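Enquirer: Need coordinates for the below:
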Amino acid sequence: MSAQDVHALSREALIEADEKFKAGDLGAAEAAYNKVRFEECEDLDVTFQAYNNRGALRIKQGSMPAAILDFEAALKLKPSEADVWYNLGAARRNAGEVAAAVEAFDKCLELSGNLYVCVCSRAEALSALGRNEEAVEGARRAIKLDSKQARGHVALGYAHLKAGSHEDAADAFATAMARGDSSPATKQLASLASSL
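Expert: The predicted structure follows:
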């Protein structure tokens, strides 16, 4: 098969896979991504996008080790893509590789500056590691970026709760709920913080 044919086949497979993924047909999307000729295709944009998108698909499927491999492969092709560093961090966090997740979030923020979702994810991961002062600082940074979003307030509440600052935790959870977070987990954490 010629290089031109490999490129055309891989590009068509990527387009098909992305359409199936957006439509929610995860099995068909995975089959289409697997048609991409990763090793043979010389178009780095196609292989990069296919690795990154297949990694996102694998997160949805709950296959974190495979997602991590895809994001790492994408980053070998384009190491300056902040969004992929974020995706890698999320996959690592979901796989229980929390310290490695923080490293990926740090790289994302080094490249992007202030990506709100990454700042929040980093603060949450720091709390999980017991690095509570850093987590509080990170959550406050998220709130400075967008105080109207609930997630930064939840991260702040969780960091305060882990640090033993129960009143501050209760206040942060109450703010998160006022910002629209009606999840049972946040309500439960708010109740816990208020009872301590």
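
Enquirer: Check which residues of the lengthiest helix in the chain are buried.
Expert: Determined from DSSP state H, the single longest helix within the chain is helix 3-22. For helix 3-22, burial by neighbour count (16 or more other CB atoms under 10 Å) applies to 6, 7, 9, 10, 11, 13, 14, 16, 17, 18, 20, 21. For every residue, glycine as well, the C-beta is placed using N, CA and C.

Enquirer: Let's see it as CSV, backbone CA atoms only.
Expert: What follows is helix 3-22, C-alpha atoms only, in CSV (Å, rounded to 0.1, in the frame of the first residue of the first chain):
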residue,chain,number,x,y,z
ALA,A,3,2.0,6.2,1.6
GLN,A,4,-0.8,8.1,0.0
ASP,A,5,-3.2,5.2,0.4
VAL,A,6,-2.2,4.7,4.0
HIS,A,7,-2.8,8.4,4.7
ALA,A,8,-6.3,8.3,3.0
LEU,A,9,-7.3,5.1,4.8
SER,A,10,-6.1,6.5,8.2
ARG,A,11,-7.8,9.9,7.7
GLU,A,12,-11.1,8.2,6.6
ALA,A,13,-10.9,5.9,9.7
LEU,A,14,-10.3,8.9,12.0
ILE,A,15,-13.3,10.8,10.6
GLU,A,16,-15.5,7.7,10.9
ALA,A,17,-14.3,7.0,14.4
ASP,A,18,-14.9,10.6,15.5
GLU,A,19,-18.4,10.6,14.1
LYS,A,20,-19.2,7.3,15.9
PHE,A,21,-17.7,8.6,19.2
LYS,A,22,-19.8,11.8,19.0
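
Enquirer: Quick one: mean pLDDT for whichever helix or strand comes after it?
Expert: The C-terminal neighbour of helix 3-22 among helices and strands, as given by DSSP states H and E, is helix 26-33. Mean per-residue pLDDT for helix 26-33: 97.
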